[in-house]
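# Sequence and predicted structure are below.
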Amino acid sequence: MSDRSTLLRNILSNLQSTNVTLSELFTFVVVHNQFNGPNDTIFQDIVNNTRVLLSSLYHNPATAPSTVAWTQELTRMHYSNVVSQLTRVSHGWHFGATQADPSQIQDFQLDDMAAHLEQSAPDLWALVLDLLGGWTQGTQAKAGPAAPDSGIRDERTPFWEDPEDDEYWGGDDVLDTGAGGQPLDKPADTDRRRKRRSVTGIFLHSCGAPEKLVKVLSRMGISIGLSSVHRAVKSLAAHGADDAESLAQTLLVSYAFDNLDFQLPSGIPTVEKSADGLIHITTGTLLHLEHGVKKDDLRCSKILWERSESNPLASDPRPYNPRATMLHLFSLHPEPEVPEGGLSRRGKFRAWFLVRTLIRHGPARFAYFRTHFRDPASIESIPITKLQQQPLRAMDISLSTISGNMEALTGLYAQGGVGNPHEDPSRPNEAVVDLSEYVTLIHGDLGSYEKVLSVLRRRKQERSPHDRLQSVVFVMGLFHLKMASADAIWRVLVSPEGARVDNTSFMKLVGQLRPDASSRLTSNAKFRDRHDLISHVVALLLLDAWRVEVKKRWGYATLEAWAETKPSVADVQEVAECIAREYIEGDGHDIYATSSTGQRDKVKENTLRTLNYLLLYEELSYAMNAGDIGRVETLFPIWIQIFRAVGKHKYANHMLRFMHALYFVYPDELRYAIRYNILVNPTGKPHAFRAIDWIVELLNLYIKVIYGGEGSNFTKNRVLLESILVLIYRSSHANFERNFKIPGLSSKHAEKDMRATFQHILDEYIKKYRPNEYVAGRGASYTIPDQVVKGAEVLRAEWAAARRGETAAQDDDGGDVGAMDNEVAEGPELTADDISAEGVI
């Protein structure tokens, strides 16, 4: 042991024996200013070796925790004071929004602020630079342009690892320079920082951010540059195409497509091309088949051809028979036996709907019953499974022609990597999955159905399954059926001239709800208008029916007075069942047969029939949202009859043809796959099922309105390229809203509380005209026809004529051509409001 060590040990031993601690000695010298003169070696040694002392405390395991904690606390206090000093008015960087000076904007220079901050708080400035990347100020000049790459970069390289990102690596960013424009030595960025900038750039692009803003944020180091964003979009689109092909080649997908029309900003017209800017393209998406559907379930192409009425050599032909199909629909889901005085399945739904209306729109006290009433019993429900889908790239194809639809189908299969691998027998394409033995479910609107059906008929003489398009199984869209149902109600209750005269008519009530828009709603109502008005008018009439029946039973003049008595659940249910039987046409006895002509109340009869039509629509809407495919099918025969009666023959024939193929042509496994995937659940939540054609319309809204760009950036090429990315863009928005805690951003229409409005109309208008009260001999200017019976008569007459061998002028679908002149196959152009009628966007 050295003499120095012996000396130190003796000193420590003496200190210990005299009970003197090192902390006492240290504070005695440093704090109490003892032995701290210029010639005192102890103090001078402490000054010269402060870092050694602190480092020793930091590296010793016993003292490290307290040393780190003390250092952190001291650092926080120090930099807090520094920041507080920098934010004082005396530094000249304050900006008061209410006392803004133009010179503060005109003369602002970021370099001046950086130099001032570095001079005023150099330690804080150095800390910020270290936290931003561990860079140290140097004199390295910016690198010159890189040598050109002789190779071709793979478009599928992850966009945050872009080797050609000269804007990112070449030093355009403000963070690449120090104060006054001095360059900084910068090591390679980490993957995390690359991804953060890249994701921000994609988010800004999807928001339609101006290019100048993207450039500014790029220079600030928040986003990648413009050219990098464009390369990233191409990379994402390439990956999306790969994902679509991988999903499609499992064959466990359905295809959905639709037309998308939009107007581009007008350009300069030329001889070769006009400048109207109207563009027609085709959009599509792939939807994974759920609920246990297997690949072999779709291996039935040969069976369908042997059953096809288009096959002249069919071994088991199943020709279209509308009468047999209609009879099958009536017996498809047999009605349970109804006890005496009980309600049918439809009547039970209406009783439930009555209670729901009372809870939602009646006095607030009835909200108590919400937990006591369950949803109506389902007939056949689709299990809840969250939708898996992959949008396809939009195609520069118009669906207005038969050839356009043919080209669109070919394009869908090409993007999916399926079709005929032996199209060129000399060079088979092994990358294409053979569809010859399989079928694919194709979803489209009525216009596409008609054109695809024409294609199939024209190609029936072809020899190969591919040339005959034998793999195509067309599935009807239920969202367009729902829109057709709303239009049919308008044709019954609004369009006839006399239907708008009576004070209790549907349009008179609409006039109370929308007093400034009743004329527009008569002739040009959008689907969203119709959907909302049907719900509101039915609520008004049902609330009045509640009031009338409660007054009849217990004498209460208002529902509020009845609510004050806290009626039992049994009482509420009993009244609801009574209203379902006696205030709505379709369940219970025929009240028309019990009254002589002089005693009939035609106003109440019109109300009974109006409620029947409106509740048929509400039941269809509920069944679709609940995923109750059985209930949807029970409504088909009624709506088919209504459609035939009001002139919507194409929809009626389309429904009959679809159901004929579903139950008479398709094998059981294919029928299951169609029925259980005709409605999908985008959120995986109860009562959130949506029709496939609604999904495509929603994608069209994203492509056209939300993510398509604005102004000069809204181009056909951009729409075609980025249509495959709409769900990625949507996820990007959701992630930013969640990560940055941005609340309240939604495209969903908030459900308005209509209680006060309904109560005002009930008190001031409906009570005056008493639509639900029986008044003997009361007349009406217009009698609402029974279109269900009329439609049945039309069908029976057609079937009788067919049995007699009579033929009428018919179109390819078997419908009367003359009666179809006023029917538009593809329906009106949908708006964001129309689509959001189904719920969240």
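Structure received.

# what ranges do the strands span in the stretch 101-250 of the chain?
Under the criterion DSSP state E, counting those that start in this stretch, the stretch 101-250 of the chain contains strands at 136-137, 184-185.

# among the ones you listed, where is the model least confident on average?
When mean pLDDT is averaged over each of the strands of the stretch 101-250 of the chain, strand 184-185 scores lowest at a mean of 41.

# So what's the gap between stretch 305-322 and the chain middle?
Remark: stretch 305-322 is offset 40 Å from the chain centroid, using CA atoms, centre = their mean, to the nearest Å.

# Buried by neighbour count: which residues of that stretch qualify?
305, 307, 308, 310, 311, 318, 320, 321, 322 (16 or more other CB atoms under 10 Å). C-beta coordinates here come from the backbone N, C-alpha and C atoms, glycine included.

# Surely the fourth one touches residue 457?
Yes. Residue 310 is within contact range of residue 457, at 6.1 Å (criterion: CB atoms under 8 Å).

# Count residues in the vicinity of the closest residue to residue 459 other than its chain neighbours, would you?
Distances taken as CB to CB, 6 or more residues apart in numbering put residue 468 closest to residue 459, at 5.0 Å, once the chain neighbours are dropped. Around residue 468 sit 21 other residues, with neighbours defined as other CB atoms under 10 Å.

# List the contacts of residue 468.
305, 456, 459, 460, 462 (CB atoms under 8 Å, 6 or more residues apart in numbering).

# In JSON lines: the buried residues of stretch 305-322, plus secondary structure.
Listed next are those as JSON lines, based on DSSP: H, G, I helix; E, B strand; the rest coil:
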{"residue": "305", "secondary structure": "helix"}
{"residue": "307", "secondary structure": "helix"}
{"residue": "308", "secondary structure": "coil"}
{"residue": "310", "secondary structure": "coil"}
{"residue": "311", "secondary structure": "coil"}
{"residue": "318", "secondary structure": "coil"}
{"residue": "320", "secondary structure": "coil"}
{"residue": "321", "secondary structure": "coil"}
{"residue": "322", "secondary structure": "helix"}
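
# does residue 453 really touch residue 474, like I thought?
Yes. Between residue 453 and residue 474 a contact is recorded at 7.3 Å, counting by CB under 8 Å.

# so who does residue 493 touch?
499, 505, 506, 507, 610, 613, 784.

# my bad, should have said residue 385
Applying CB under 8 Å, 6+ apart, the residues near residue 385 are 290, 291, 681, 684.

# Ramachandran angles for the closest residue in space to the last one that isn't next to it in sequence?
Nearest in space to residue 684, with sequence neighbours left out and distances taken as CB to CB, 6+ apart, is residue 386 at 3.2 Å. Recorded main-chain torsions at residue 386 are phi -70, psi 140, according to degrees, to the nearest 10.

# again, but for residue 282
phi -120, psi 130.

# Over to residue 474?
phi -90, psi 130.

# now residue 394
Dihedral pair for residue 394: phi -60, psi 150, per degrees, to the nearest 10.

# So for it, what pLDDT did the model give?
For residue 394, pLDDT reads 96.

# Pretty sure it sits against residue 282.
Yes. Using CB under 8 Å, residue 394 is in contact with residue 282, at 6.5 Å.

# Mutual contacts of these two, please.
Joint contacts of residue 394 and residue 282 (CB under 8 Å, 6+ apart) are residue 260.

# where do the helices sit along the stretch 251-400 of the chain?
Ranges of helices within the stretch 251-400 of the chain are 301-307, 322-330, 345-361, based on DSSP state H, counting those that start in this stretch.

# Deepest-packed of those helices, please.
helix 345-361 (a mean of 21; mean count of other CB atoms under 10 Å).

# Quick one: list the elements packing against it.
helix 527-554, helix 569-582, helix 602-626, helix 629-646 (3 or more CB pairs under 8 Å, 6 or more residues apart in numbering; DSSP states H and E).

# can you put those helices in JSON lines and add mean pLDDT and distance to residue 340?
Shown next, in JSON lines, are the helices and strands packed on helix 345-361 (pLDDT from 0 to 100; distance: least, CB to CB, whole Å):
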{"stretch": "helix 527-554", "mean pLDDT": "97", "distance to residue 340": "21"}
{"stretch": "helix 569-582", "mean pLDDT": "96", "distance to residue 340": "12"}
{"stretch": "helix 602-626", "mean pLDDT": "97", "distance to residue 340": "22"}
{"stretch": "helix 629-646", "mean pLDDT": "98", "distance to residue 340": "23"}
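
# Same list (those helices) but as a markdown table, adding mean neighbour count and distance to residue 408.
Listed next are these as a markdown table, based on neighbours: other CB atoms under 10 Å; distance: least, CB to CB, whole Å:
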| stretch | mean neighbour count | distance to residue 408 |
| --- | --- | --- |
| helix 527-554 | 21 | 24 |
| helix 569-582 | 19 | 46 |
| helix 602-626 | 22 | 26 |
| helix 629-646 | 23 | 27 |
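
# closest to residue 262 out of these?
helix 527-554 (18.8 Å; CB to CB).

# who touches residue 515 in this structure?
Per CB under 8 Å, 6+ apart, neighbours of residue 515: none.

# how about the helix or strand harbouring residue 508 as PDB, C-alpha atoms only?
Element membership of residue 508, judged by DSSP states H and E, is helix 506-513. Output of helix 506-513 as PDB, limited to C-alpha atoms (Å, rounded to 0.1, in the frame of the first residue of the first chain):
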ATOM      1  CA  PHE A 506     -98.200  13.200 -46.000                       C
ATOM      2  CA  MET A 507     -97.100  16.400 -47.700                       C
ATOM      3  CA  LYS A 508     -99.100  18.700 -45.400                       C
ATOM      4  CA  LEU A 509     -97.200  17.200 -42.500                       C
ATOM      5  CA  VAL A 510     -94.000  17.600 -44.400                       C
ATOM      6  CA  GLY A 511     -95.000  21.300 -44.900                       C
ATOM      7  CA  GLN A 512     -95.200  21.600 -41.100                       C
ATOM      8  CA  LEU A 513     -91.700  20.100 -40.700                       C
END
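
# contact partners of it?
493-494, 499-500, 502, 518, 521-522, 533, 536-537, 540-541, 610, 757, 761, 765-766.

# if we go to 6 Å?
Contacts to helix 506-513, defined as CB atoms under 6 Å, 6 or more residues apart in numbering, come from residues 493, 494, 500, 518, 521, 533, 536, 537, 540, 610, 761, 765.

# again, but for stretch 667-674
289, 293, 297, 300, 303, 475, 662.

# In those residues, find the pair that's most separated.
For the contacts of stretch 667-674, the maximum inter-member distance is 18.3 Å, found between 289 and 303 (CB to CB).

# hmm, back to that, wasn't the residue nearest to residue 459 part of a helix?
No. With three-state DSSP as the criterion, residue 468 is assigned coil and is not in a helix.

# Going forward, count from 807.
New numbering, starting at 807: the last item is residue 1274.

# For it, give me the backbone phi and psi.
Per degrees, to the nearest 10, the backbone of residue 1274 is at phi -80, psi 0.

# which residue ranges form the strands in the stretch 1057-1206 of the chain?
Going by DSSP E, counting those that start in this stretch, the stretch 1057-1206 of the chain shows strands at 1059-1069, 1084-1094, 1195-1197.

# residue ranges with poor pLDDT in this protein?
Along the chain, segments meeting pLDDT under 70 span 807, 899-916, 939-999, 1072-1082, 1393-1402, 1550-1556, 1612-1647.
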